[in-house]
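Trainee: The following block contains a protein sequence and its predicted model.
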Amino acid sequence: MSVFHPITTARCLVRLADASDASYLLHYREQNREHLAPWEPLREASYYTLAHCVQTLAESRAAIRFDRAYPFFVLDLAGSEIIACFTFANVVRGAFQASHLGYSIAAHRQGQGLMQEALDGALQWAFTELGLHRVMANYMPRNERSGRLLERLGFEREGYARRYLQIAGVWEDHVLTSRIRAD
Ligand SMILES: CC(C)(COP(=O)(O)OP(=O)(O)OC[C@H]1O[C@@H](n2cnc3c(N)ncnc32)[C@H](O)[C@@H]1OP(=O)(O)O)[C@@H](O)C(=O)NCCC(=O)NCCS
């Protein structure tokens, strides 16, 4: 298991998801339900319960232990509120050394450069400590905010996949991008 030491940036705290974060996570899900609905899979009503958050975090910790995924929370500097989440998911080793990156930020923290601030350091960690060679991130063409974020982070467009992910109940086309480790 790769160790991630929490990073403090100018405006936030970035750390791996912890088993004790369930009430913070529930608050994030409830507060951002409408904001995130157009960009995520359909959610069951149970998704907005503490029990589901506890389960998610147990799965997160197991995924970290088995080097399958690395789910992160971005908190305010006081560490009292989750303001964004991101995950290096689907880690594949061997000849690929790659992962998919997914992310979201709270509605009231959007448009302040915080997602980029948090991801900058974490990507560095993924390429060095985690040893990844390629981080892939894909977005719907109409998700212009996401496209701009990826461009600023140095991701390059690699393709276009039709009906790629089921988002809000619809199979949506996605732009495929990657950032490759510079070495
Ligand atoms: C995609 C998403 C994470 C982008 O968030 P974001 O806040 O726009 O991203 P950043 O942290 O890079 O912020 C950049 C914006 O802050 C602005 N900004 C304000 N102050 C800033 C500062 N001090 N430093 C940098 N940027 C700043 C930038 O101008 C930029 O705005 P612009 O894109 O309108 O030009 C967010 O829109 C989101 O969570 N969407 C819903 C979920 C989602 O779509 N997830 C991705 C699925 S592929």
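Mentor: Structure received. Numbering: from 1, shown residues only.

Trainee: Now residue 23: which helix or strand?
Mentor: helix 22-31 (DSSP states H and E).

Trainee: List the buried residues in that helix.
Mentor: Within helix 22-31, the residues that count as buried by 16 or more other C-beta atoms under 10 Å are 22, 24-26, 28-29. Quick note: C-beta positions are derived from backbone N, CA and C, even for glycine.

Trainee: can you check stretch 118-126 too?
Mentor: 118-119, 122-123, 125-126.

Trainee: what two of those residues have the greatest distance between them?
Mentor: Of all pairs drawn from the buried residues of stretch 118-126, the greatest distance, 12.6 Å, lies between 118 and 126 (C-beta to C-beta).

Trainee: what about the residue nearest to residue 42 when sequence neighbours are not counted, how many neighbours?
Mentor: With sequence-adjacent residues excluded and distances taken as C-beta to C-beta, 6 or more residues apart in numbering, residue 42 is closest to residue 169, at 5.0 Å. Counted with other C-beta atoms under 10 Å, the neighbours of residue 169 add up to 8.

Trainee: Next: the one 5 residues further on.
Mentor: If you count neighbours by other C-beta under 10 Å, residue 174 ends up with 19.

Trainee: What distance do you get for it to the ligand?
Mentor: Plainly put, residue 174 is 8 Å away from the ligand if you go by C-beta to the nearest ligand atom, to the nearest Å.
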